[in-house]
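> Please find the sequence and the predicted model below.
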Amino acid sequence: KGKIFLPYLARQARQNPTPLSFFRNFILERGGEHKDQFDIKLRAMTPLVDAARVLTLENRITGENNTIKRYEKLAELEPQNAALYRETAMAYEIMMRLRALNGIRCHNSGRYIKPEQLSKIERQTLRNTFVTITDIQELLQVRFQLGYLR
């Protein structure tokens, strides 16, 4: 069962690539109510949540539904990938904090961020967290032998 199911989930977890354009600009919403805003939940947090779910299932970890704690548990179980899992947990926590601060600033969920409202340090910090999206997606690609097909 897992031979088909987990690679399918891993492929789904790779559907949202790193949310930066070729020129390292945030990929923004093109239209609608949130035009020119960055969707931190869909473009940055969801890929990390999805990867944690797949890896948690693969390692048969039960009773843990917190993304940060999932990565911490994975770091214990896979010492060879511990650094990546810890970095990913930290990146996710940074994203959560930025989303919360944006929500407080804008009196909403904080999901959609106007890049121009972020400080230079916040923008750079957010860009740096995106490295973990690429790294964790590469781990999924190799582990589940996904090839380079999308």
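Perfect, thanks for sending it.
> For this structure, just list every one of the helices.
For the chain, the helices defined by DSSP state H occupy 2-13, 40, 46-58, 67-77, 82-106, 120-143.
> any idea of the angle the last one forms with helix 46-58?
In other words, helix 120-143. When axes from the mean of the first three to the mean of the last three CA atoms, to 10 degrees is applied, the directions of helix 120-143 and helix 46-58 differ by 40 degrees.
> so for helix 120-143, what's the average pLDDT?
Here helix 120-143 scores 94 as its mean pLDDT.
> which helices and strands sit right next to that helix?
Applying 3 or more CB pairs under 8 Å, 6 or more residues apart in numbering; DSSP states H and E, one finds that helix 120-143 contacts helix 2-13, helix 46-58, helix 82-106. Placement of C-beta: from N, CA and C, glycine included.
> Can you say which of those is nearest to Pro19?
Closest of the helices and strands packed on helix 120-143 to Pro19 is helix 46-58, at 8.6 Å (criterion: CB to CB).
> buried set for the closest one?
Residues 46-48, 50-56, 58 are the ones in helix 46-58 that count as buried (16 or more other CB atoms under 10 Å).
> can you check stretch 105-125 too?
110-113, 118, 122-123, 125.
> for stretch 93-102, same thing?
By neighbour count on 16+ other CB under 10 Å, the buried set for stretch 93-102 is 94-95, 98-99, 102.
> hang on, the earlier thing: tell me which of the helices of the chain lies nearest to Phe22.
helix 120-143 (13.5 Å).
> so what's the closest residue to Ala82 other than its chain neighbours up against?
Residue nearest to Ala82 in three dimensions, not counting chain neighbours: Ala75, with 4.1 Å by CB to CB, 6 or more residues apart in numbering. Contacts for Ala75 (CB atoms under 8 Å, 6 or more residues apart in numbering) come out as 81-82, 85-86, 89.
> State the pair within the residues you listed that is farthest apart.
Asn81 and Ala89 (12.0 Å).
> Could you check which of those two has the larger neighbour count?
Comparing Asn81 with Ala89 by other CB atoms under 10 Å, the one with more neighbours is Ala89, at 23 against 18.
> residue contacts, the more buried one?
By CB under 8 Å, 6+ apart, Ala89 lies in contact with 67-68, 71-72, 75.
> Filter those residues down to the buried ones and hand me the ChimeraX line.
This is the ChimeraX syntax for the buried subset of these, where burial follows 16+ other CB under 10 Å:
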select :67,68,71,75
